[in-house]
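Dropping a prediction and its sequence here:
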Amino acid sequence: DIQMTQSPSSLSASVGDRISITCRASQNIITYLNWYQQQPGKAPRLLIYAASNLQDGVPSRFSGSASGTDFTLTISSLQPEDFATYYCQQTFSSHVTFGQGTKLEIK
Amino acid sequence: QITLKESGPTLVRPTQTLTLTCTFSGFSLSTSVVGVGWIRQPPGKALEWLAVVSWNDDKTYRPSLRNRLTISKDTSKNQVVLTMTNMDPVDTATYYCARRRHWGSGNYNWFDPWGQGILVTVSS
């Protein structure tokens, strides 16, 4: 299986901050990488697909980028509703795998 | 509007078989870019993909659970069913179904939207 390693596992930040979360794949996955946001007690929500494409309805403060096997989710100016857990997911393999999650908390 | 909803037992005894149904609306499983998948999440832990069925009835399973899982679709009823045999307390989790959407060529696909999830507890 392709392993997806997210860093950091948790992050404290303030409203208005710019933050980045990294997801590293254990092998080349081209840009077959998606990002999801999960609010407590809720189902995940798709944010970014194919590494850098913003899903319809997702605010433009969210962006995604790729460099080799490293993928980054950036939130340009944190809003109160952005404090949640974020997961990356690879679909290079038909056996898709998720990262372990990054919990974004209010400082 | 696309919606999915999971249904099934919320308490299962060890060694029993779990049967979950995903009932969806707003799309058809006969459309070529579409599939439905199951993902679970143990309490306080990460998401874990289980299985997916495509529009053409192609099925893919998590390798480590392959011998315990069966996924099937009923296109006329807009339902996808997942069965998991020999349930164990470590299978306690919220189980989600989600539409899988393909894009372009290659393996570009994603789960969107997701159902609300159903918490299944395995306990004697």
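Sure, I can see it.

near chain B, which residues of chain A show up?
Proximity of chain A to chain B (Cβ under 8 Å from any Cβ of the partner chain) is limited to residues A:1, A:30, A:32, A:34, A:36, A:38, A:43-46, A:49-50, A:55, A:87, A:89, A:91-101. Just so you know, the C-beta spots here come from the backbone N, C-alpha and C atoms, and that holds for glycine as well.

Can you list which of those residues are found in strands?
A:Asn34, A:Tyr36, A:Gln38, A:Arg45, A:Leu46, A:Tyr49, A:Tyr87, A:Gln89, A:Thr97, A:Phe98 (DSSP state E).

B:Leu20: what's it in contact with?
Listed by Cβ atoms under 8 Å, 6 or more residues apart in numbering or on different chains, the contact set of B:Leu20 reads B:Glu6, B:Ser7, B:Gly8, B:Trp38, B:Val81, B:Leu82, B:Thr83, B:Met84, B:Tyr95, B:Cys97, B:Ile118, B:Val120.

again, but for B:Met87
B:Met87 is in contact with B:Val12, B:Arg13, B:Pro14, B:Thr15, B:Gln16, B:Thr17, B:Leu18, B:Val122, counting by Cβ under 8 Å, 6+ apart.

Check the secondary structure at it for me.
Three-state call for B:Met87 (DSSP: H, G, I helix; E, B strand; the rest coil): coil.

distance of it from B:Gln16?
The gap separating B:Met87 from B:Gln16 is 5 Å, by Cβ to Cβ, to the nearest Å.

got it, and A:Pro44?
28 Å.

quick one: which of these two has more around it?
A:Pro44 (27 against 14; other Cβ atoms under 10 Å in any protein chain shown).

which non-adjacent residue is nearest that one?
Spatially, and ignoring its direct neighbours in sequence, A:Pro44 is nearest to A:Tyr36 (4.1 Å; Cβ to Cβ, 6 or more residues apart in numbering or on different chains).

same question, B:Arg100
According to Cβ to Cβ, 6+ apart, the nearest residue to B:Arg100 is B:Gly35 (3.8 Å).

same thing with B:Ala98?
B:Phe111 (3.8 Å).

If we ignore the residues flanking it in sequence, what's nearest the residue nearest the centre of chain A?
Central residue of chain A (Cα atoms, centre = their mean): A:Trp35, 4.0 Å from the mean position. With sequence-adjacent residues excluded and distances taken as Cβ to Cβ, 6+ apart, A:Trp35 is closest to A:Ile48, at 4.1 Å.

wait, doesn't the one you found sit right on A:Gln55?
Yes - look at A:Ile48 against A:Gln55 with Cβ atoms under 8 Å: they come within range, at 6.7 Å.

which of the two has more neighbours?
A:Ile48 (25 against 16).

A:Tyr36 versus the residue nearest in space to the middle of chain B, what's the distance?
Centroid-nearest residue in chain B: B:Trp38, 2.1 Å away (criterion: Cα atoms, centre = their mean). Using Cβ to Cβ, B:Trp38 is found at 15 Å from A:Tyr36.
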